[in-house]
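1. Fold the following and give me the result.
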Amino acid sequence: MLDNTAILLATTSSPPEVVQLLIDRGADLHLKAAGGWTPIHLAFDNAMTTRILMKSGADVNHIANNSTPLLLAVEDNQINVVGVLLSFGPNLEVNFSNEYTALGVAATRGYVDIVRLLLEAGANVYAVAERNSSPLQYAVCFDKEDIVRVL
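-> Numbering: from 1, shown residues only. Predicted coordinates:
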């Protein structure tokens, strides 16, 4: 369950303007909820809130529960949030649950537009995760022909 702090609750259920107001009043962007989630993790499905948090100093590479904000956004097919996070230079080689990079997640799920964004940002097509498979191998294995063409 989330800690009942205003910034953590606002990132999941309030308009971005409320998040900005809390930041302007000194809310701690590095405050952690259960599992180590910070506000930037909890905003993985809201591009405007994500932009506000990033511009205010949130850590784009913070790892909680084996995941980063980018990996969460990719997993949930949040292309607008992925675009925002990529503009802040996240580490593209972090493994999701020690199995997939962001590109690997997008490849296995067939998220062609996110794959393109990640490639444009410099994601490594040949990066292997703990299972020693690359995003291309995942795309082939999961029968994602459109992804294979892009990669």
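
2. Contacts only, for the residue of the chain positioned farthest from its centre.
-> No residue in the chain sits farther from the centre than residue 25, which is 26.1 Å out by Cα atoms, centre = their mean. Applying Cβ atoms under 8 Å, 6 or more residues apart in numbering, we find residue 25 in contact with no residue. (Each C-beta comes from the backbone N, C-alpha and C, glycine too.)

3. Which pLDDT does the model give it?
-> For residue 25, the model assigns a pLDDT of 93.

4. Give me the phi and psi angles of it.
-> phi -100, psi 10 (degrees, to the nearest 10).

5. Relative to residue 7, how far out is it?
-> 10 Å (Cβ to Cβ, to the nearest Å).

6. ok, now residue 61?
-> 19 Å.

7. ditto for residue 30
-> Residue 30 is 10 Å from residue 7, where distance means Cβ to Cβ.

8. try residue 58
-> Plainly put, residue 58 is 10 Å away from residue 7 if you go by Cβ to Cβ.
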